[in-house]
Each structure stands twice: as C-alpha cells, then as structure tokens.
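*Asks:* Any chance you can model this:
(2 chains)
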Amino acid sequence: MNGTTLADQGRRIANGALVPLLALFSALVVGGVVIIVSDADALRAWSSFAANPGNAVSSSWEVVRDAYVALFDSSLGSGRAVSETLLEATPLILTGLSVTFAFRAGLFNIGGDGQFLAGAMASVYVGFSLDIPAVVHLPLALVAGVVAGALWGGIAGVLKARTGAHEVITTIMLNFVALRLVDYALSTEVFRRPDRSDPISKNVLGSAQLPRFDSDLRVHTGLLIALAAAYGIWWLLFRSTVGFGVRAVGASPSAARYAGIAVGGTWILSMLIAGGLAGLAGATTVLGVRYRLTGGFSNLGFDAIALALLGRSHPAGVVGAALLFGVLRAGATGMQAQTSTPVDIIVVIQALVIAFVAAPALIRAIYRIKAGRGTGPVAFSSGWGS
Amino acid sequence: MATVTGATRGAGLLTTSEATERRRARVVGTVFLAAAGVIAVVFGLGVDGGVDSTFGLNVGQTTVDLPDLVLPSRLTASLLALVCAAIGGVQLARGFDRALPAVAAVVALCFVVAFLTWAAADGSFNLTGMLQSTVLRATPITLGALSGVLCERSGVVNIAIEGMMLSAAFTGALVASAAGDQLVGVAGAVAIGGLLGLVLALLSIRYRVDQIIGGTVINIFALGLTSFLSAKVFSDYQELNSPGVVRVLRVPLLSEIPVLGPILFVNNLFVFAMLVLVPLLTVALFRTRWGLRVRAVGEHPRAADTVGIDVLRVRYRTVVLGGMVAGLAGAFFTLGSVGRFDENMTAGRGFIALAALIFGRWHPVGALAAALVFGFAESLQSKLAILSTPIPSEFLLMAPYLVTLLVVAGVVGRSRAPAADGQPYEKG
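*Replies:* Prediction:
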C-alpha cells in the first residue's frame, strides 16, 4: 500500500464522489427553479408574493415536488419502471465507456452519434438479411455493429495519427456523414420496409434479437453485455500493457513517444475501441429494443460526454452515471405524462451536472469545501493544437 | 512584438518535413487529375453530344433582362477537364507552392461548373437564383464562423457557436414577438449571444474549465432550455412565437446591376451585416492596434502580458463580442428566414460554422469562402431535386462534410490554430 492507509483511501473515494453528488444536487435545485419560472400557476403565486408569501412558496414547492416525485416514481417506483431505467442505461453505459476510453488516450470523441449509427446500420443489415440459427446470427449481428462502429471511429484515429487532423472536427464531420448515409440507406430497397414509404428499415429477424429477461419487461440482455464491456474496459485500461500505453499517451504524448510508445498507433487503437463501443451501443439498441433502424441522431454522443465527466473517466463511475441518467431519462417520460413538465428539463439538468462537475471551483465556492484530492479540475483536452 | 506578428502571418504554414510535403504535393496533383478524369468521363461523355445546358440569369424584377446563357454541354465539360488536367500536370511536375489554395479553388470551380452543365444538360437552370440562395444560406454559417474567429484569435476555443445561435434564435423570436418589432428582437438575440459569450469566458477564464467542455455545456444547456421553454411556453402562447421576418432591403442603383445586384444588394439586414463584418473584422484584426493585441493574446499570451497587455481582459471582451456575433447569426434563423422558433432549428449549423472557421484558417475572408461552399452545397441540394440527377441528394448533403474532412486532413493545406488557442492563461 506504500504508506497509504485505509482511511486515506476511504477519504479519497468520498472526496471523489462528493463533487458529483453535490453537482447532481445543485443541478436538481437549479432545474427546480427553471420548472417554477416556467409554470404559470407558480408565477401567478409569485406575482402576489407581497400579499401572500406563503402561497408563493408552497405553490412553487408543490410544482417542483410533483415533477420530481413523478420523475422518480416512473423510474424507480415499480418493476416496470426499473426495467425502463435499465433499458435507458444500457446504451448510455456503452457510449459513456466510448468517450472514457478515448479520453484516457487524450482524445475527445464527440463522434459517438455517428459511430452509434454506423453500428446500428450494420447490425440491422445482418439482422434482417441473413436467415441462420440464432446461435450464429445474434453474435454475428453484434460483431457487425462493433466492427462498423470501430471503423467509423478508426477513420478519425487514422486521420489524427497520420495528418494531425483534430478529432473534434473529424468526428463531428463523420457524424453528419453517417447521418446522411443512414438516410440514403433507408431510401434504398435494400433497407427500406417494402410496405412503408417513410424511412424505416426492415425488422430484425427473431434469431438476431437480444433475448429479454422477462417477456413483459423491455430490459434485455444487452445490459449484461454493457456491464461485461465495462469490466473489460476497466481490465484493459488498468491491468494490461495496452491500457498502460493508452494512459501514458493520454497523460503526455511527447513523454510517451520518448518512452518508446507508438503514439499514432495508440491513437488509432483507442479510436477503434471507442468507436467499437459506441457501435455496440447502436447494435444492442437495434437488436434489443427497436428491432429496426430509423434516421436521425440519438444524441447519445453528447450524453456520453456528460457520463464520462460525471463518472470521472472510470468505467465503474461511468456505469453509476449511466444508471443515474437512466433514472432521469426513464423518469422524464413519466414526468411529462403526469405533470406536463416537458422532458427537455432533463437535458437542462444534464448540462448543469456537467458544468458543476467540470468546474469543481464552482461547487467548492458554493458549498465552501476545501480543495483536496479528487476535487481538482478536470482537464479533458488541450485545444486544437494537441 | 515583431515575432508575434510574424508567427501570425505564417498561419497555415507548418514545419512539416520535406518528405511529407512532397508526398502531399503528389497526392494533391493526383486529386486534380482525378477531378479532370471525372469531368471528362462522367460530365462530358455522360451526356449526348449536341445537347445544350441553359442557365437562367434573371431573378425577380430587373430593369435589364439578360438573355439565357446557353452552353454546349459536352464541349464545356471537355474544356474544363483540360484545364484541370493541365493544372494537375503542373502540380505533379513542379508544384504551385503558396498559390496552391487558389489553384485548388480553380479546380473546384471547374468541377462545380462542369457538374452544373451536366445536371442542366438538355434542361434549364436558374443560376442567379441559386447563387442568391447560396449567399443567403451562407449567412448564418459565416456569422457563426466570425464568432469563432474572434474567440479563437484571442485564445478561447468556441465550440458553443451552435448553442449561442440556438439561444439567440429563441430569444430573437420571443423578444420580437413581445415587442412587436423585429429589430428589438435582433437586439435581444445579440444581447443573449453576448451573455453566453460571457458565460463561456467566465467558465474558461475564471473557472478554468476545459474550453471544449465549457462549450459543450453551453450547447447542451441551450438545446435543453430552448426546447423546454418552447414546449412549455410557445405551445400555450402562440402569439409569443410569431415575430415575422425582417424586411428585404434594396440598395438603390447597386441592386440594378445584372446578376450581382440581386445576389448581393437585394437582401435582409443579416446578409448586409455579413458583407460589412467580413471586411471590417479583417481590417480590425490585421491592421489595427486592437487586432494586434487580440492576436498577440491568442498566440503568445505571456509575451503579450510582458509588454503590458491585460491578457484576461482582452480575452473577456473578445469572447463577449464573439458571442454577440453568434447571436446575430442565431437571429437569422427566426427573424431572417423562418419567422418562428422551432425546436433545435439550427440543426448543427453551428458545427458547420466551426468547420468553416477551420476550413477558412481562422480568417474572416476564409470563413466567408468556406461558408459559401457549404451554402452552395445546401442550395444545390434543394435545386437539384427539380433537375432529377442520378446522384441521391443525401450524397450532396454529405459533400461539405467530406470536403471539410479532406481539408482538415491536409490535402489542401494544413490549417493552423492560434498557438495559445484553448489554453488558460495564468499570470505568473
């Protein structure tokens, strides 16, 4: 342990979890304010604040309480609710791992959406076009998704390694190229469902569908794949030589180069793995719940950045953060149905969480915490030049 | 100070090794020859001999009616192919050196003209109308990119252009509807852009948040908040989301010039703002004391600090100014084009602006040129639906992104960011 006592370790973990928890709490508070400000009843109560201050406070409290109670009720309140939460968390874990892995190599992968689409497209194609037994079909469809996502991410890695093109720009561009590619595919006879005129693909055959745990609940075995991937990535990053090289390059490319690590190769490998993870997210989504491909971004790529930040770029943290976002996402739908609070409030809360996590100085200033290990600033990338 | 200016002037030149440079020259030459081949085979031999392509040149009411421009399709393509082949040959033989970007632009132009002749073969196509819509579609992209030029020249990466534009589009619609005056709406949009610029500056300068994360936060926040508020407020109060569109202005006399008049001088205030801001910022950034300070702070903040420039203050001011320009770009969507706010209506235009910024090498004129390329591709896509070419529209929509990928990957020359872009500065 090299002199590190158990108490020290405990304090470090507590410190590491403290900022994200306070960030979440602060984000929920600010989100509550947004809900109040946009609520007609609450606003009316505030406009007569001087006459009846109690009413203003209680009516605001009710609006926020109703919204958040509905949110947690429809995400954790019943077996079905938990199933929806886990269902939402599955692709989030994988895309969060994708951003995390690239980040560990010093790369900022905002191409999650494009890699997701590439993976989903490949998996759907294998899923509907081949008529073979499930034992081969399902693994083949999953692998197709991983490979497609890896190639899509790999392009950015190769461009970075060979020409120095910044991955932020290339992955954004690749997102849009993937978007148009999917639109095109859905307009061809190969992909489009014969009986439909709108852009929607043929259905994945039963033999390529990920089995569910319970036929009544939508959560599927993709969750196990995601958790296994989280373990695998943890092992790869912290227990293997490859992971050591990745982290060395992420910490300082020039130092890693001096130490004899092939920096370009590590970038390519990292983007292949990151892309593969996002592709797997696409694969599990189309093989596990949607069973078909439709156009448009999932916007998971941006959530993934939030997850990697919130989980402090550690696979275990990402799983925790993904479960939390799963709660928010699954709950948002119920909240909108019960209290007519638009689901988009979740996006606001997510943005606030990232802001607070990325700026620990802000949280420290609000809650007057002393600076300590695990609460330092998060450095993600260093501009365009790196 | 002199060294700082020298470094900035040299933007775009990177000390890559000779071998890489020569390999790149070969690749570029081959690309030119390939373009010549495609023009000759696809656009030249792809049409029947003796067929003409007709381009209409009149749009709206004009005093002078121009005759249609009629070109023999196959001959035109063959000539253009020859030009490209000659350029490619010279490039392979000895290279163009510093003139390469201009030469590449000529090849690209030949390719586009050949493509249009092919698309309009045995048909007619309104050229002026398309160029007019190109300028219009390039406007928010250029303004967005100018916002990026300002922020990044001072050393703050701005990937929040998208979020700033979206927020400004929303605010513009809301304020203009409430005030009953679109100009007040534009002012509101500019103000909210400036406010978000201040947020970006605070996050990246005071709280030293990674600038890409700071920008991402603003993007996500803007998307969430505008969607939330439009679902919550605009759905119940339609009258708050009906701002109308700003008037189209005609510059007297100049608007009567054939072809150029309708393209440049019959437009709304956003287009005119773009046409004024591009030269204005070019002069301001490269010919004034203010511009020198901004660039010094973005290239070498410590040197700037040493000679007494307040680095952080320059950054704050420039980023807020950049935010205001992004706000103007955002107002275009609601007050200059659609006349109401829709959820996520900027639809990634802010990222295209970011691409135009890099494509245009952090220079206002370059940003305009790049934005025109994107605007052209966008308007082409909508016009080509009428002409029924065999190329699916999805691929045309993809083209600007692929071009940007190629450019960023260094085929047409490497784009170099200001040296201190993205790095927080701490007085030491």
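*Asks:* which stretches of the stretch 251-400 of chain B form strands?
*Replies:* Using DSSP state E, counting those that start in this stretch, the strands of the stretch 251-400 of chain B run over B:266-268.
*Asks:* How much space separates the residue in it that chain A sits nearest to from residue B:123?
*Replies:* Per CB to the nearest CB, residue B:394 is where the stretch 251-400 of chain B lies closest to chain A, at 3.8 Å. C-beta: built from backbone N, CA, C; applies to glycine. Taking CB to CB, to the nearest Å as the measure, residue B:394 falls 22 Å from residue B:123.
*Asks:* Name the SS class of the residue in the stretch 51-200 of chain B that chain A sits nearest to, please.
*Replies:* In the stretch 51-200 of chain B, the residue that lies nearest chain A is residue B:157 (5.5 Å; CB to the nearest CB). Here residue B:157 is recorded as coil under DSSP: H, G, I helix; E, B strand; the rest coil.
*Asks:* ok, residue 252 - how many residues close by?
*Replies:* Here I'm looking at chain A. Residue A:252 has 13 neighbours, counted by other CB atoms under 10 Å in any protein chain shown.
*Asks:* I was after chain B.
*Replies:* If you count neighbours by other CB under 10 Å, residue B:252 ends up with 7.
*Asks:* Which of the helices or strands spans the residue in the stretch 151-300 of chain A that chain B sits nearest to?
*Replies:* Closest residue of the stretch 151-300 of chain A to chain B, CB to the nearest CB: residue A:184 (3.8 Å). Element membership of residue A:184, judged by DSSP states H and E, is helix A:167-187.
*Asks:* Tell me which helix or strand comes right after that helix.
*Replies:* The element immediately downstream of helix A:167-187 (helix or strand, assigned by DSSP H and E) is helix A:222-239.
*Asks:* quick one: average confidence on the helix or strand containing residue A:90?
*Replies:* Assigned by DSSP H and E, residue A:90 belongs to helix A:79-104. For helix A:79-104, the mean pLDDT works out to 95.
*Asks:* now stretch B:88-103
*Replies:* According to the model, stretch B:88-103 has a mean pLDDT of 81.
*Asks:* Need the distance between the two termini of that stretch.
*Replies:* Its start and end residues considered, stretch B:88-103 measures 10 Å (CA to CA, to the nearest Å).
*Asks:* how many neighbours does the closest residue to the residue of the stretch 251-400 of chain B closest to chain A other than its chain neighbours have?
*Replies:* Computed as CB to CB, 6 or more residues apart in numbering or on different chains, the closest residue to residue B:394 that is not its neighbour in sequence is residue A:184, at 3.8 Å. Using other CB under 10 Å, the number of residues around residue A:184 comes to 18.
*Asks:* Please name the residues that touch residue A:184.
*Replies:* If a contact means CB atoms under 8 Å, 6 or more residues apart in numbering or on different chains, then residue A:184 has B:392, B:394, B:395 as its contacts.
*Asks:* tell me the pLDDT at it?
*Replies:* Confidence at residue A:184, expressed as pLDDT, is 91.
*Asks:* Show me where the stretch 51-200 of chain B has its strands.
*Replies:* Assigned by DSSP E, counting those that start in this stretch, the stretch 51-200 of chain B shows strands spanning B:52-56, B:69-72, B:123-126.
*Asks:* So which of these has the densest surroundings on average?
*Replies:* strand B:52-56 (a mean of 19; mean count of other CB atoms under 10 Å in any protein chain shown).
*Asks:* what's the closest non-adjacent residue to residue B:176?
*Replies:* Here the residue nearest residue B:176, using CB to CB, 6+ apart, is residue B:185, at 2.5 Å.
*Asks:* Do I have it right that that neighbour meets residue B:243?
*Replies:* Yes: counting by CB atoms under 8 Å, residue B:185 touches residue B:243, with 5.5 Å between them.
*Asks:* Overlap in contacts, those two.
*Replies:* Residues touching both residue B:185 and residue B:243 (CB under 8 Å, 6+ apart): B:172, B:173, B:174, B:176, B:177, B:334, B:335.
*Asks:* Among the residues you listed, which pair sits farthest apart?
*Replies:* Within the shared contacts of residue B:185 and residue B:243, B:174 and B:335 form the most distant pair, 10.9 Å apart (CB to CB).
*Asks:* ok, the two, which is more surrounded?
*Replies:* Neighbour tally, residue B:174 and residue B:335, criterion other CB under 10 Å: the higher count belongs to residue B:335, 30 against 25.
*Asks:* what sits against that one?
*Replies:* B:172, B:173, B:176, B:182, B:185, B:186, B:189, B:243, B:244, B:245, B:246.
*Asks:* Of the residues you listed, keep whichever come out buried.
*Replies:* B:172, B:173, B:176, B:182, B:185, B:186, B:189, B:243, B:244, B:246 (16 or more other CB atoms under 10 Å in any protein chain shown).
*Asks:* Provide a list of residues in contact with the last one.
*Replies:* Yep, that's residue B:246 we're talking about. With contact set as CB under 8 Å, 6+ apart, residue B:246 has these partners: B:182, B:183, B:186, B:268, B:269, B:270, B:335, B:336.
*Asks:* Do you know the pLDDT at the fifth one?
*Replies:* The per-residue pLDDT reported for residue B:269 equals 92.
*Asks:* Please identify which helix or strand holds the residue of the stretch 201-350 of chain B found nearest chain A.
*Replies:* Nearest to chain A in the stretch 201-350 of chain B, going by CB to the nearest CB, is residue B:224, at a distance of 2.8 Å. For residue B:224, the enclosing helix or strand under DSSP H and E is helix B:211-229.
*Asks:* Give me the mean pLDDT for the helix or strand just after that helix.
*Replies:* Toward the C-terminal end, the helix or strand that comes next after helix B:211-229 (DSSP H and E) is strand B:248-250. Per-residue pLDDT values over strand B:248-250 give a mean of 86.
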